[in-house]
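Chemist: Please find the sequence and the predicted model below.
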Amino acid sequence: MRPATDRRLPLGSVTGAVTRSRAFTAEVLADWGWLPAAAGGERRAVADDVLLVVSELVTNAVRHGGGRIELRLRPSPPGLRVEVSDGSTEPPVLRYDDDPAVPGRHGLRVVALLSWDWGSVPAAGGKTVWSEIAAPPAAAAGRRPD
């Protein structure tokens, strides 16, 4: 298990961005001890939540942001901070008035439900949308998961 340090994935092309981001995130989670090969229970559920948040944020950046897209994963006080930067200056809008039976337009709702906190900040040439996710119990206690 490597120490948790910032990891970045530039996504110069939108082709395969979500798939590449999920694979990169799974590798980082394994390096940090959040996703061992035989993970189960709550640790696995938290790792799945992280992968879903990454998928939603990268999908939004590809669909609505454009420009240079980058995924950044870094340790944070609750556990993990996921950041996705793109070329749009428009902040994301969490919509509560959309019909839940209609497909699409629910990604930020999913991010909000799975995150300890989330938001966006202006960045050079665009914005960064971020999500904080609490660490699974073994990772939170500073122990290597079995």
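Modeler: Looks like it arrived, so ask away. These numbers were taken from a predicted model, which means no experiment stands behind them. Numbering: from 1, shown residues only.

Chemist: Spit out the contact partners of the residue positioned nearest the centre of the chain.
Modeler: Among the residues of the chain, the one closest to the centroid is residue 54, at 3.1 Å (Cα atoms, centre = their mean). Applying Cβ atoms under 8 Å, 6 or more residues apart in numbering, one finds that residue 54 lies in contact with 21-22, 25, 71, 82, 84. In short, each C-beta sits where N, CA and C put it, glycine included.

Chemist: quick one: pLDDT of it?
Modeler: Per-residue pLDDT puts residue 54 at 98.

Chemist: quick one, phi psi at it?
Modeler: phi -60, psi -50 (degrees, to the nearest 10).

Chemist: how many other residues sit next to the nearest residue to residue 125 once chain neighbours are set aside?
Modeler: Of all residues not flanking residue 125 in the chain, residue 87 sits nearest, at 6.0 Å (Cβ to Cβ, 6 or more residues apart in numbering). Neighbours of residue 87 under the rule other Cβ atoms under 10 Å: 14.

Chemist: what helix or strand does the nearest residue to the residue nearest to the centre of the chain once chain neighbours are set aside sit in?
Modeler: Closest residue to residue 54 apart from its sequence neighbours, by Cβ to Cβ, 6+ apart: residue 25 at 4.8 Å. Assigned by DSSP states H and E, residue 25 belongs to helix 17-31.

Chemist: Which parts of the protein are strands?
Modeler: For the chain, strands defined by DSSP state E occupy the ranges 7-11, 69-76, 79-86, 117-123, 126-134.

Chemist: quick one on the thing from earlier: got the contact list for the residue nearest to residue 125?
Modeler: 65-69, 125-126.

Chemist: how close does the closest residue to residue 76 other than its chain neighbours sit to residue 122?
Modeler: Using Cβ to Cβ, 6+ apart and skipping residues adjacent in sequence, the residue nearest residue 76 is residue 132, 5.5 Å away. Remark: distance between residue 132 and residue 122 (Cβ to Cβ, to the nearest Å) = 18 Å.

Chemist: between these two, who's got more neighbours?
Modeler: Ranked by neighbour count (other Cβ under 10 Å), residue 132 and residue 122 place residue 132 first, with 18 against 10.

Chemist: Okay then, goodbye and thanks.
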